[in-house]
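Colleague: structure for this input, please:
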Amino acid sequence: MLRVLHTSDWHLGHNLFHQDRRYEHSQFLDWLLALLTTHQIDALIIAGDIFDTVAPSNYALTLYYDFLRRLVSDTSCRQAVIIGGNHDSAASLHAPRELLKVFNVHVVGSPDLEQPANDLILLHDPDGNPCGMVAAVPFLRERDMRRAHAGESYADKNRAYLQGVAAHYAQACSLARERIAQLSGRADGLPLIATGHLFAAGGEVSDGEREVSVGTLGGISAFSIAAGFDYLALGHLHKPQTVAGPDPIRYSGSPIPLSFSEAGSKKTVTLLHFDDRMKSPDITEIPVPLWQPMKILRGDWPVIETFFAGRDGTEDLLWLEIQLETDILGAGVQERVAELAAGKACDVLATRNYQRLLPRLMDGGDESTELLSVLTPQEVFARRLDLVEELTGEEREAVVARYRQVVDAATVAMEGAVDED
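Modeller: A predicted model of the protein is given here:
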C-alpha cells in the first residue's frame, strides 16, 4: 500500500498588488503538515513553482526550509520529492540537495541529462521495502531539450522541442520500468509516478498563469508523455483538473488564489492511494481552506455604492478588485472608492476602468473589451502583431520567435544573477 499527496504551485513570496501572502502561505503549510499525519501519507510530491521568483525573499525561504524541517521531525511522512518549476531557480533548489537527501527529501531542480537514472526516486514502506517509484521530471527548458540549428524555422524549433520532451519521458519510463523489474521481478511490480511542470494540451488556464517558456508548451500532448506511468503529477496550472490521457494525469492546482481571476475557485491537494491490487490509484481531492476572502466587484457606480452600503464593517476582511464599468476615465476615482470602502472591512487592492482600453491604446478600434492589465506581456505582443497587416505568416513566426528568444535570454540572465549570489 502506498499513500501519496500531490501538491504544486505554492509560489512562496508571491505578492498580490501591494499585499504579500505570507499569512496565507503560513496557514497552508501548517494545515498541510497536519494533513500529512492525519492521512498517514507515505510520500509528498511538490510539482514545481515552490517559489514565485528565481530570487525568493528571505521570508519565502524561511517558510520553505521551516516546512521541510517540520516535515521531517513532526510528521509520519517518510519521503518527499520536489521538482523545479519555471518560476524556480534550479541552482538555488539544488544548493542543499545532498543535505536534504539524508532526510529523504529529494530535490530535482533541473534534469540530469548525463545520468537520467539519477532522477528516479525509489519510495519505501515503513519496513524499508520498496513500495513505489517516482520519475522526477522538472520543468524542461528548451535549451535542455533540443540543439539549435542555423536556418531552422520556428515550427521546426517547436517540433524538435516537443519531440525532446516526449523522448525524455519515454526514456524515464523505460529506465524506471527496468529498475522496477530488477527489484520486484516484474516491470509493473511497483506503482510508477511521473512528475512534470508544463502546459498540457487541453488544460484550463486562469489569468494567474504566465507563459511557461519559449515555445508552445501548450501544445504538449498528454498522450506523448504519460504512456507507461500509473499517474502523472503535474504542476503549472493553478486550477485543479484532470487532463485526458492514457493514465491518470492531474494538476493539483495552487493552494491559494494567485490572482483575482481565481477568487472563489476551488483549491485542493490530491491524495493518491495505491493498494496491492490496484495498478491505477484511487484519487481523492482534498479541499484547501480559504484564509483570505477575495472578490471581483464589477459594475457601474450605483452597483459599487450598493455593495459597500450593504457591509457594516464587522465582516471578515475582504480583498477587492473593482472593475468600474464606465467610458469616462476622469479624476478622483481612487478617492471616491476609498471613501466608499472606509470602515467596511474591505481592502481595495485594484480599481480598474472596465472599458475598451486596449483597442484605444493600439488604435485598433474594434469591439474588444479586454483589460490590458489582465493580459500577459506575450498576449499583448500577440495582439499588437494582429494589427500589423503587412506581416506574412512566416514573418510573424520569425518575429514571435525572436521575441520569445529575448524573453528566454532575460530569464536565463535573471537565473544567472541568482546563481552568482
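
Colleague: just the helices from the stretch 51-200 of the chain, written as ranges.
Modeller: Ranges of helices in the stretch 51-200 of the chain, per DSSP state H, counting those that start in this stretch, are 58-74, 90-94, 97-102, 142-145, 154-184.

Colleague: now the longest one: buried residues?
Modeller: Read that as helix 154-184. Counting neighbours by 16 or more other CB atoms under 10 Å, one finds that the buried residues in helix 154-184 are 154, 157-158, 160-162, 164-166, 168-169, 172-173, 175-177, 179-180. Every C-beta, even on glycine, is put in place using the N, C-alpha and C of the backbone.

Colleague: now the helices of the stretch 51-200 of the chain in CSV, with distance to Ser224?
Modeller: Converted to CSV, the helices of the stretch 51-200 of the chain look like this (distance: least, CB to CB, whole Å):
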stretch, distance to Ser224
helix 58-74, 32
helix 90-94, 24
helix 97-102, 29
helix 142-145, 13
helix 154-184, 4
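
Colleague: worst mean pLDDT among these?
Modeller: Among the helices of the stretch 51-200 of the chain, helix 142-145 carries the lowest mean pLDDT, a mean of 81.

Colleague: okay, it in PDB with CA atoms only?
Modeller: The C-alpha trace of helix 142-145 is given here as PDB (Å, rounded to 0.1, in the frame of the first residue of the first chain):
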ATOM      1  CA  GLU A 142      14.000  24.500 -24.400                       C
ATOM      2  CA  ARG A 143      17.800  24.700 -24.200                       C
ATOM      3  CA  ASP A 144      17.800  21.300 -22.400                       C
ATOM      4  CA  MET A 145      15.600  19.500 -24.900                       C
END
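
Colleague: show me what counts as buried in it.
Modeller: For helix 142-145, the neighbour count (16+ other CB under 10 Å) marks Glu142, Asp144, Met145 as buried.

Colleague: just give me the closest of these to Asn129.
Modeller: Nearest to Asn129, judged by CB to CB, of those is Asp144 at 34.2 Å.

Colleague: how about the closest one, what does it touch?
Modeller: Neighbour list for Asp144: Ser110, Pro111, Leu113, Gly164 [criterion: CB atoms under 8 Å, 6 or more residues apart in numbering].

Colleague: got the phi and psi for the third one?
Modeller: Just to be clear, that refers to Leu113. Main-chain dihedrals, Leu113, degrees, to the nearest 10: phi -80, psi -20.

Colleague: quick one: contacts for Leu258?
Modeller: If you count contacts by CB under 8 Å, 6+ apart, Leu258 has them with Asp9, His11, His14, Leu16, Gly208, His238.

Colleague: filter those residues down to the buried ones and hand me the ChimeraX line.
Modeller: This is how ChimeraX selects the buried members of the contacts of Leu258, with burial counted by 16+ other CB under 10 Å:
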select :9,11,14,16,208,238
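
Colleague: put together TSV for the contacts of Leu258, with secondary structure on each row.
Modeller: Formatted as TSV, the contacts of Leu258 follow (DSSP: H, G, I helix; E, B strand; the rest coil):
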residue	secondary structure
Asp9	coil
His11	coil
His14	coil
Leu16	strand
Gly208	coil
His238	coil
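
Colleague: model confidence for the residue nearest the centre of the chain, exactly?
Modeller: With distances taken as CA atoms, centre = their mean, His236 lies nearest the centre of the chain, 2.6 Å away. Here the pLDDT value assigned to His236 is 92.

Colleague: go ahead and confirm it touches Ile83.
Modeller: No. At 11.0 Å, His236 does not count as touching Ile83 under the criterion of CB atoms under 8 Å.

Colleague: list residues touching both of these two?
Modeller: In contact with both His236 and Ile83: Gly48, Phe139, His197, using CB under 8 Å, 6+ apart.

Colleague: and stretch 284-295, average pLDDT?
Modeller: In this model, stretch 284-295 carries a mean pLDDT of 96.

Colleague: report the distance from that stretch to the chain centre.
Modeller: Relative to the mean C-alpha coordinate of its chain, stretch 284-295 is positioned 16 Å out (CA atoms, centre = their mean, to the nearest Å).

Colleague: what does that stretch contact?
Modeller: Stretch 284-295 is contacted from outside by 21, 23-24, 27-28, 31, 35, 39, 240, 255-257, 260, 262-264, 266-271, 273, 316-321, using CB under 8 Å, 6+ apart.

Colleague: can you give me the end-to-end distance of it?
Modeller: 28 Å (CA to CA, to the nearest Å).

Colleague: what comes up buried for it?
Modeller: Glu285, Ile286, Val288, Leu290, Trp291, Gln292, Pro293, Met294.

Colleague: do the same with stretch 16-24
Modeller: In terms of neighbour count (16+ other CB under 10 Å), stretch 16-24 has its buried residues at Leu16, Arg21, Arg22, Glu24.

Colleague: just to check, the second one is in contact with Ile256?
Modeller: Right, Arg21. Yes. With contacts counted by CB under 8 Å, Arg21 reaches Ile256, the gap being 6.4 Å.
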